[in-house]
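K.L.:
can you look at this prediction? I've put the sequence above it.
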Amino acid sequence: MLRGAGRIRRQHIKQAFLTIEKEKKHCGQVPAFPSSHTCIHSSCISQMPQALAVHSRHVLEGNQTTHTYSTPSSAHVSLTIPRPSISSTCISRRLSADCGRYPSGVIVMVDAFTSGTNKQRKRILREIQECPAARGYFVHRETSRQLAQAMALTTLPCRALSVMIIAHRLGCHFKSNHFESVAYHLSLREHWSSVPLLVSLARHHCGRATARLLNWKMRALIECRRFDQLDYIMTEFIRDNIKPIRRTFHLLLSAHLRNQDLDAAKRVIQMMENAGFSADASTHALICTVYRSLGLDTQVHARALDALHSIDSRMATRVLNSIVQHFLDVGDELGAAQYIEYFGLTGVDVSSPLGNNITKVVGASLPTRHPTCPTNIVRVTPDAATFTMLIDYLASKRHFTQVRNLLTRLAEADVKPDSGVVASLIRAFILDGRDDLAVSLLTSIFHSNDLARTLCDLMGVKTVPQPPIDARDVPLAVHAFNAILGRAMELRGLSGARFIFRAMRARGITPSSTTIEIFLDYLDRTENATPHQLIRILRSMSTTISGLTLRHLHIILRSILRREKFLFHGSGWNATASRFSPLRESTSALPQGRILLDSDTFNIDDGAKSCRQFTYDSSLRPIVQSLSRRAIRGDRATIAMRLRHETMVDPSLDTARDVLRHMVDQGMHPNQYHFVALMDGHAKRGNMRVAEHIMRAARDAGLKPEVVMYTVLITGYGRQGKPEQAMRAFRRMVSAGIAPDVPAIDALAHAYFVVGAYKVARRILLQLWTQVRPFQHELQSATLKRLATAFRANRGDQASQRQPLTKHQQRLLNCKIRGFQQEWKQLELQRGPQSLSGRLDGCRAWLLDHSWYNLVKHRV
């Protein structure tokens with residue numbers, strides 16, 4: 001499968017995802033959608049020690065040391081147990097972690113029942129009936145319900161189903177509310193794949209389902225991204241003669257909005273009104289909380305804010321969190337700060353990296369109000385999600401002092417940190433270069449000294465005596481491992497990923513789709529895996545989670561588009577300079593037959609039904625069809641990637657404009673990536689005036705111009721051999737307070753290189769090097785090629801993560817820019833009144849008119 005993996009260590013990749021597959025088998029993950037009515041699926045089988053028959057007649061509940069379990073030959077239970085995938089030490093450690101106040105023998109018997117055959121289960125039931133101490137946990141429905149709820153919070157959620165089955169076979173009759181409470185506990189640990197089986201079990205035991213149980217099933221289908229099953233759920237309401245409630249329509253509405261299907265969402269609202277439920281305050285609040293995938297919409301915000309007075313405090317917090325997140329997504333920190341004001345978080349500096357005049361104290365009165373900000377909003381209490389959102393954003397902008405201030409506000413607001421806050425802090429400390437704090441925070445929730453010491457050795461740090469926050473009571477979740485996974489691979493490569501996967505397996509944590517996404521992103525960016533390798537690895541690893549996601553597909557599409565761009569436009573400065581130098585061979589675009597991807601591959605709704613065969617179509621088609629079978633629709637990121645593809649294969653850009661127009665008609669708002677794709681397409685065709693107009697249109701749409709947009713302009717002018725225009729665009733970017741990054745400076749030096757101004761290009765690299773990182777003095781006398789190669793190695797520092805330029809920094813940078821321009825003018829004066837680019841064009845035209853040049857060209 002990994003043949004031809006190149007420089008990637010194939011055995012490490014194989015061991016990494018085999019570790020995840022072993023974890024799946026051990027965790028007993030239940031598929032979300034069984035093909036039959038069997039309540040226990042075969043994938044629930046877990047590797048547990050041999051079942052122990054219980055024969056002790058005097059057992060005290062809750063005192064584990066007083067439980068005696070023996071296996072006499074007269075009552076031996078013979079089970080065929082699969083080969084264990086982990087050691088007995090790990091099994092005993094996990095059993096002790098999962099037992100709680102229940103005896104370990106009861107859990108062992110539940111595990112044996114889960115993995116046993118029908119004959120073995122009958123024996124286990126008979127042994128439970130013979131033991132009064134064990135039978136007491138299963139014959140009373142309240143006791144059984146409490147045991148099932150406890151099992152739902154363990155590492156093996158299928159235990160909860162086994163407990164309900166055992167109790168039912170022993171004569172315990174449950175009501176629907178018992179199953180509802182177990183479904184709620186499964187949702188607390190995000191064990192959504194077990195909820196549909198639980199609902200089927202409830203229908204089998206109680207004779208019929210209820211509206212609440214069907215709502216739980218619908219919620220589980222939504223979380224598992226099975227949008228194709230939503231219509232089937234509505235038929236279940238009709239079949240059981242159950243009238244849908246408002247919550248049912250709200251779940252349907254949120255599902256279609258999360259799936260970028262605005263037309264279906266409108267039909268749900270109409271269905272809800274026909275059923276007698278008009279859209280009220282809770283409906284508008286719900287729409288606001290799930291509208292992020294469609295973009296910022298002020299009308300949606302206004303309706304949700306008007307509803308804050310009529311909804312509960314928890315929902316009000318979610319609404320404000322969503323609105324703040326919407327503004328942060330588009331870079332409008334002024335709008336975000338004015339909504340953060342109503343959380344009452346004083347002393348938090350949210351000064352904008354983009355140059356907005358935002359108050360430095362959230363909670364103080366603002367000089368001006370945002371156009372969509374209400375004037376009579378109620379005071380809202382922040383929750384853990386509020387701090388998670390703010391920590392992530394401030395850390396991405398490198399405001400680490402404010403991250404620490406947020407920890408003080410977290411304690412003052414009496415908000416209990418959850419796994420999301422812990423994961424956000426881990427990411428923030430890693431970005432700050434404090435791996436010791438990140439590891440200390442993660443090990444504080446391990447409750448395992450051996451695992452903590454091994455992690456410290458892997459990361460090469462020592463734990464601090466006092467972690468930033470007290471997270472000992474925070475349950476260990478997959479979010480914390482995902483936060484440390486990227487850093488572990490950065491330090492130790494694929495061996496670091498293998499250790500993290502083993503640690504997750506030892507603690508009973510099932511990998512999520514984000515785990516696979518981080519792993520694939522590392523293979524693409526660091527290990528330079530080819531698209532074919534990424535596809536094969538994804539199809540192997542995705543069997544361990546609920547299925548493929550759009551974000552997995554985006555990583556593969558990004559890799560393909562990067563290669564397609566190289567084939568069409570080349571790479572490096574020489575690719576452009578060959579058009580201006582008579583001594584270099586001109587490289588033209590490849591023919592249509594060398595396109596790597598068909599445009600229909602981006603149509604996830606249609607399942608990539610095109611019969612055209614390009615390089616990656618056959619490999620990608622199963623992935624696209626898998627998403628299509630689950631009725632997953634393409635999102636704005638998918639459309640942005642298609643725009644990049646269309647701008648390369650369609651010189652007229654008519655298809656790209658049609659794609660963008662169709663996206664807007666579907667109710668999705670374009671963001672900066674869509675505008676950048678269109679700008680890049682026009683810039684590559686030489687239509688710089690249109691590219692400038694698109695950037696102004698993005699500004700009019702509420703999107704602040706970013707460094708990427710200016711880089712497109714600088715690169716476009718450089719391809720045309722107009723370094724003066726490229727420098728003018730660079731100065732406009734600096735005057736706007738936007739800090740240049742590596743691609744922007746590289747594009748500026750490239751603009752002078754292509755016209756032969758090598759000294760100016762070298763001076764640009766030397767003078768602007770310190771804008772991205774400290775200069776390496778051993779490169780002072782290096783050649784231009786070596787300088788450019790070393791400078792591009794700094795691309796890990798993105799401009800979006802850098803501090804904004806102060807007025808003093810802008811003045812210093814403008815002084816350097818004026819020096820470049822003066823040197824360029826002196827260079828042009830030495831070579832004559834005609835511009836250098838114009839003289840090179842004339843020289844090339846003259847050479848083309850002479851036959852000896854063509855002869856030399858053919859000889860080369």
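P.N.:
Good, I have the coordinates.

K.L.:
give the contact list for Glu692.
P.N.:
Glu692 makes contact with Leu713, according to C-beta atoms under 8 Å, 6 or more residues apart in numbering. Backbone N, C-alpha and C define where each C-beta goes, glycine included.

K.L.:
give me the element it is part of.
P.N.:
Using DSSP states H and E, Glu692 sits within helix 688-700.

K.L.:
do the same with Phe387
P.N.:
Per DSSP H and E: Phe387 is located in helix 384-396.

K.L.:
what packs against that helix?
P.N.:
Using 3 or more C-beta pairs under 8 Å, 6 or more residues apart in numbering; DSSP states H and E, the elements in contact with helix 384-396 are helix 313-329, helix 400-412, helix 419-431.

K.L.:
so that helix versus helix 313-329, what angle?
P.N.:
For helix 384-396 against helix 313-329, the angle by axes from the mean of the first three to the mean of the last three C-alpha atoms, to 10 degrees is 20 degrees.

K.L.:
what is the mean pLDDT for the helix holding Glu692?
P.N.:
For helix 688-700, mean pLDDT rounds to 91.

K.L.:
which residues are in contact with the residue nearest in space to the middle of the chain?
P.N.:
For the chain, Thr514 is the residue whose C-alpha lies nearest the centre (C-alpha atoms, centre = their mean; 5.8 Å). Taking C-beta under 8 Å, 6+ apart, we find Thr514 in contact with Val478, His479, Asn482.

K.L.:
for the stretch 351-500 of the chain, what spans make up the strands?
P.N.:
Under the criterion DSSP state E, counting those that start in this stretch, the stretch 351-500 of the chain carries no strands.

K.L.:
with just CA atoms, put the helix holding Glu692 into PDB.
P.N.:
C-alpha atoms of helix 688-700 as PDB (Å, rounded to 0.1, in the frame of the first residue of the first chain):
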ATOM      1  CA  MET A 688      -3.600  43.700 -12.900                       C
ATOM      2  CA  ARG A 689      -6.300  46.300 -13.100                       C
ATOM      3  CA  VAL A 690      -9.000  43.700 -12.600                       C
ATOM      4  CA  ALA A 691      -7.000  42.200  -9.700                       C
ATOM      5  CA  GLU A 692      -6.800  45.600  -8.000                       C
ATOM      6  CA  HIS A 693     -10.600  46.000  -8.500                       C
ATOM      7  CA  ILE A 694     -11.300  42.600  -6.900                       C
ATOM      8  CA  MET A 695      -9.200  43.700  -3.800                       C
ATOM      9  CA  ARG A 696     -11.300  46.800  -3.600                       C
ATOM     10  CA  ALA A 697     -14.500  44.700  -3.900                       C
ATOM     11  CA  ALA A 698     -13.300  42.600  -1.000                       C
ATOM     12  CA  ARG A 699     -12.800  45.700   1.100                       C
ATOM     13  CA  ASP A 700     -16.200  46.900   0.200                       C
END
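
K.L.:
what's the first helix or strand after it?
P.N.:
Using DSSP H and E, the helix or strand that follows helix 688-700 towards the C-terminus is helix 707-719.

K.L.:
quick one: that next one to helix 688-700, angle?
P.N.:
Here the directions of helix 707-719 and helix 688-700 differ by 170 degrees (the same axes, to 10 degrees).

K.L.:
ok so, going back, just the residues contacting the helix holding Phe387, thanks.
P.N.:
Under the contact criterion C-beta under 8 Å, 6+ apart, helix 384-396 has outside partners 317-318, 320-321, 324-325, 328, 340, 343, 348, 350, 400, 402-403, 406, 409-410, 415-418, 420-421, 423-425, 427-428, 431-432, 800-801.

K.L.:
buried ones from the residues you listed, can you make that a PyMOL selection?
P.N.:
PyMOL command restricting the contacts of helix 384-396 to the buried ones, with burial defined by 16 or more other C-beta atoms under 10 Å:
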select buried, resi 317+318+320+321+324+325+328+340+343+348+350+400+402+403+406+409+410+415+417+418+420+421+423+424+425+427+428+431+432
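
K.L.:
tell me the gap between stretch 305-319 and the middle of its chain.
P.N.:
Here stretch 305-319 is found 27 Å from its chain centre; the criterion is C-alpha atoms, centre = their mean, to the nearest Å.

K.L.:
over to stretch 548-555?
P.N.:
With C-alpha atoms, centre = their mean as the basis, stretch 548-555 stands 9 Å off its chain's centre.

K.L.:
pLDDT averaged over that stretch - what is it?
P.N.:
Across stretch 548-555, the average pLDDT comes to 91.

K.L.:
counting neighbours, what do you get for Asp665?
P.N.:
Around Asp665 there are 10 other residues, counting by other C-beta atoms under 10 Å.

K.L.:
against Gln260, how distant is it?
P.N.:
Taking C-beta to C-beta, to the nearest Å as the measure, Asp665 falls 12 Å from Gln260.

K.L.:
my guess is Ala150 contacts Pro103, does it?
P.N.:
No - the criterion here is C-beta atoms under 8 Å, and Ala150 misses it with Pro103 at 11.9 Å.

K.L.:
quick check, Leu766 in contact with Leu787.
P.N.:
Yes - under the criterion of C-beta under 8 Å, Leu766 makes contact with Leu787 at 7.3 Å.

K.L.:
more crowded one of these two?
P.N.:
Shown here are Leu766 and Leu787; by other C-beta under 10 Å, Leu787 has more neighbours (21 against 17).

K.L.:
helices or strands up against whichever strand or helix holds His204?
P.N.:
Using DSSP H and E, His204 maps to helix 195-206. Here helix 195-206 touches helix 158-169, helix 176-188, helix 211-223, going by 3+ C-beta pairs under 8 Å, 6+ apart.

K.L.:
ok, residues contacting the second one?
P.N.:
For helix 176-188, the surrounding residues in contact (C-beta under 8 Å, 6+ apart) are 141, 145, 148-149, 152-153, 157, 160, 164, 192, 194-195, 198-199, 201-202, 205-206, 209-210, 212-213, 216, 219.

K.L.:
of these, buried ones?
P.N.:
Neighbour-count burial within the contacts of helix 176-188 applies to 141, 145, 148-149, 152-153, 157, 160, 164, 192, 194-195, 198-199, 201-202, 205-206, 209-210, 212-213, 216, 219; the criterion is 16+ other C-beta under 10 Å.

K.L.:
quick one: the helix holding His204 to chain centroid distance?
P.N.:
32 Å.

K.L.:
now do stretch 178-185
P.N.:
The chain centre lies 29 Å from the centre of stretch 178-185; the measure is C-alpha atoms, centre = their mean.

K.L.:
average pLDDT for it?
P.N.:
Stretch 178-185 comes out with an average pLDDT of 94.

K.L.:
buried residues, that stretch. List them.
P.N.:
By 16+ other C-beta under 10 Å, the buried positions in stretch 178-185 come out as His178, Phe179, Glu180, Val182, Ala183, His185.

K.L.:
now do stretch 534-544
P.N.:
So, applying 16+ other C-beta under 10 Å, buried residues of stretch 534-544: Leu534, Ile535, Arg536, Ile537, Leu538, Arg539, Ser540, Met541, Ser542, Thr544.

K.L.:
can I get these in JSON lines with pLDDT?
P.N.:
Below are these laid out as JSON lines (pLDDT from 0 to 100):
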{"residue": "Leu534", "pLDDT": "88"}
{"residue": "Ile535", "pLDDT": "88"}
{"residue": "Arg536", "pLDDT": "84"}
{"residue": "Ile537", "pLDDT": "84"}
{"residue": "Leu538", "pLDDT": "86"}
{"residue": "Arg539", "pLDDT": "81"}
{"residue": "Ser540", "pLDDT": "77"}
{"residue": "Met541", "pLDDT": "76"}
{"residue": "Ser542", "pLDDT": "68"}
{"residue": "Thr544", "pLDDT": "52"}
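
K.L.:
thank you kindly, that will do.
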